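Enquirer: Okay, sequence plus prediction incoming.
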Amino acid sequence: MNDLSHVGRAAFQPANTADIADAMIVASGLRVDAERRRGRGAGLNPDGRFEVQQRAAFDDGWQSLEDLPPFKTEVQVEKPRTAITKNDSPDIGFDRSVNPYRGCEHGCIYCFARPTHSYMGLSAGLDFEAKLFAKPDAPKLLERELAKPGYKVRTIAIGTNTDPYQPIEREWRIMRQILEVLNKANHPVMIVTKSALVTRDIDILQEMAAKGLAKVGLSVTTLDRKLARTMEPRAATPTKRLEAIRALTEAGIPASVLVSPIIPALNDHEIERILDAAKAAGATEASYVLLRLPLEVSPLFRDWLLQHYPERYRHVMSLVRSMRGGKDYDAEFGKRMKGAGPYAWQIGRRFEMATKRLGLGRRGVQLRGDLFLPPNGSGVQLSLL
């Protein structure tokens with residue numbers, strides 16, 4: 001093991017003036033062999049930012065790297081004390097969420113949730129997409145929290161951090177159990193996903209939507225299947241996501257499209273095409289978010305650009321920084337989602353004009369909270385009165 005903590009600080013902190021030479025240094029020294037990470041999004045697996053030391057695998061002359069196993073999906077059980085996470089961010093439209101899983105097998109290279117794996121002593125890179133945590137107790141915890149005296153109903157957002165319908169949901173079925181709890185309690189829910197697996201739960205969602213309690217947003221980043229495969233390797237294809245929007249709409253479930261994230265000089269030319277396709281599939285609402293590169297996400301994304309689109313690297317990053325005050329990312333409320341500057345303004349106006357032409361609203365269906373029935377069953381402490 002080499003003590004590379006001083007290298008780690010230089011290589012894995014987003015830099016204001018980072019250029020292609022800097023990114024190449026990161027990539028050449030720490031990129032994981034392609035065979036070991038086949039089917040994954042990230043090319044790097046740096047230690048978390050809270051770790052004292054940074055480790056890098058290197059060939060010592062004995063071909064030892066060839067013996068390292070490929071990254072396989074591992075799932076551990078997490079035992080949280082609560083199911084509902086509260087937030088007071090002024091620039092998002094919900095104040096609570098539920099996350100059935102930590103980490104995400106979809107492997108989207110741009111995922112802003114990647115840095116959360118550092119709190120587990122793991123990497124925001126390949127660990128985030130291969131070492132996952134499932135929360136099988138989440139449905140019971142949620143039922144208990146909804147039953148607490150004085151609980152005030154607000155729409156619960158699911159999928160705002162990691163995808164609740166990522167591949168491991170087929171086996172664990174935690175999301176379906178959560179929906180069963182919410183349906184029984186007549187509690188409103190808003191879901192965001194990149195997976196066509198959401199159609200599995202149409203039976204529950206249809207029942208909830210009929211009471212004004214559910215809506216679903218499908219994130220469609222690109223219509224280019226090749227780009228989607230490299231950028232979101234284990235998410236549903238763009239065609240499958242559009243088909244999911246159609247299936248949800250035909251079942252009477254309000255469906256929206258999220259053009260997120262918009263990446264300048266990579267997928268921003270597709271804004272109108274994506275909106276056209278989503279409208280044709282039945283979407284009634286639309287929104288977008290500009291590419292966000294917080295903390296460890298920046299070097300991961302820059303390395304990915306070098307691997308797959310080296311000829312666009314300088315142009316993409318120059319435009320990103322032009323919308324982030326010269327930095328890779330600006331976390332200021334009100335700016336982090338949409339950016340600032342002429343190019344960000346242009347994207348906003350294009351999106352506004354396209355949605356207006358297509359009749360896609362930003363705040364369409366308002367979910368109801370007046371039908372709520374506090375749970376009174378398994379896992380809930382009954383009243384003594």
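Expert: Now that the structure is in, tell me what you want to look at.

Enquirer: what lines up beside the biggest strand by length in the chain in the sheet?
Expert: What stands out as the longest strand in the chain, according to DSSP state E, is strand 255-262. Strand pairing for strand 255-262, determined by DSSP bridges: strand 214-219 (parallel), strand 285-290 (parallel).

Enquirer: List the buried residues in it.
Expert: Residues of strand 255-262 classed as buried by neighbour count (16 or more other Cβ atoms under 10 Å): Ala255, Ser256, Val257, Leu258, Val259, Ser260, Pro261, Ile262. All C-beta spots, glycine's among them, are computed from the backbone N, C-alpha and C.

Enquirer: so who does the last one touch?
Expert: Neighbour list for Ile262: Asp268, Ile271, Tyr288, Val289, Leu290, Leu291, Ile347 [criterion: Cβ atoms under 8 Å, 6 or more residues apart in numbering].

Enquirer: want to throw these into JSON lines with distance to Ser118 and neighbour count?
Expert: What follows is the contacts of Ile262, written out as JSON lines (distance: Cβ to Cβ, whole Å; neighbours: other Cβ atoms under 10 Å):
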{"residue": "Asp268", "distance to Ser118": "30", "neighbour count": "21"}
{"residue": "Ile271", "distance to Ser118": "32", "neighbour count": "19"}
{"residue": "Tyr288", "distance to Ser118": "27", "neighbour count": "23"}
{"residue": "Val289", "distance to Ser118": "22", "neighbour count": "16"}
{"residue": "Leu290", "distance to Ser118": "23", "neighbour count": "23"}
{"residue": "Leu291", "distance to Ser118": "20", "neighbour count": "24"}
{"residue": "Ile347", "distance to Ser118": "30", "neighbour count": "21"}
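
Enquirer: I figured Ala210 hits Ile253, correct?
Expert: No - with contact defined as Cβ atoms under 8 Å, Ala210 does not reach Ile253; the gap is 9.1 Å.

Enquirer: residue boundaries of the helices in this structure?
Expert: With DSSP state H as the criterion, the chain has helices at 5-12, 20-30, 126-130, 138-146, 169-172, 174-184, 202-209, 225-231, 238-250, 271-281, 297-308, 313-322, 342-358.

Enquirer: Give me the contact list for the last one.
Expert: Applying Cβ under 8 Å, 6+ apart, the contact partners of helix 342-358 are 259, 262, 264, 268, 271-272, 275-276, 279, 286, 288, 290, 319, 322-323, 338-339, 360-362.

Enquirer: what about stretch 118-130, how long is it end to end?
Expert: For stretch 118-130, the first-to-last residue distance is 14 Å (Cα to Cα, to the nearest Å).

Enquirer: Buried residues, that stretch. List them.
Expert: So, applying 16+ other Cβ under 10 Å, buried residues of stretch 118-130: Ser118, Met120, Leu122, Ser123, Ala124, Gly125, Leu126, Asp127, Phe128, Glu129, Ala130.

Enquirer: what does stretch 337-356 give?
Expert: Lys338, Gly339, Ala340, Tyr343, Ala344, Ile347, Arg350, Phe351, Ala354, Thr355.

Enquirer: Just send the residues you listed back as TSV, with pLDDT and distance to Asp303 too.
Expert: What follows is these, written out as TSV (pLDDT from 0 to 100; distance: Cβ to Cβ, whole Å):
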residue	pLDDT	distance to Asp303
Lys338	95	26
Gly339	96	22
Ala340	96	26
Tyr343	98	23
Ala344	98	24
Ile347	98	25
Arg350	98	29
Phe351	97	29
Ala354	98	32
Thr355	97	34
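
Enquirer: can you pull the pLDDT of Ile178?
Expert: You'll see Ile178 listed with a pLDDT of 98.

Enquirer: Relative to Ser97, how far out is it?
Expert: Separation of Ile178 from Ser97 (Cβ to Cβ, to the nearest Å): 11 Å.

Enquirer: the more surrounded of those two?
Expert: With neighbours defined as other Cβ atoms under 10 Å, Ile178 and Ser97 compare such that Ile178 has more, 25 against 20.

Enquirer: dump the residue contacts of that one.
Expert: Contacts for Ile178 (Cβ under 8 Å, 6+ apart) come out as Val98, Pro100, Ala138, Pro139, Leu142, Ile158, Pro164.

Enquirer: what's the answer for Lys335, then?
Expert: Listed by Cβ under 8 Å, 6+ apart, the contact set of Lys335 is empty.

Enquirer: So for Ala210 and Ile253, which sits in the more crowded spot?
Expert: Ile253 (26 against 12).

Enquirer: quick one: contacts for that one?
Expert: So Ile253 contacts Ile202, Leu205, Gln206, Ala209, Ala214, Lys215, Val216 (Cβ under 8 Å, 6+ apart).

Enquirer: Quick check: the first one touching Ala251?
Expert: Yes - contact criterion Cβ under 8 Å: Ile202 and Ala251 qualify, at 5.0 Å.

Enquirer: The two: which has the busier surroundings?
Expert: Remark: of Ile202 and Ala251, Ile202 carries more neighbours, 18 against 15, as counted by other Cβ under 10 Å.
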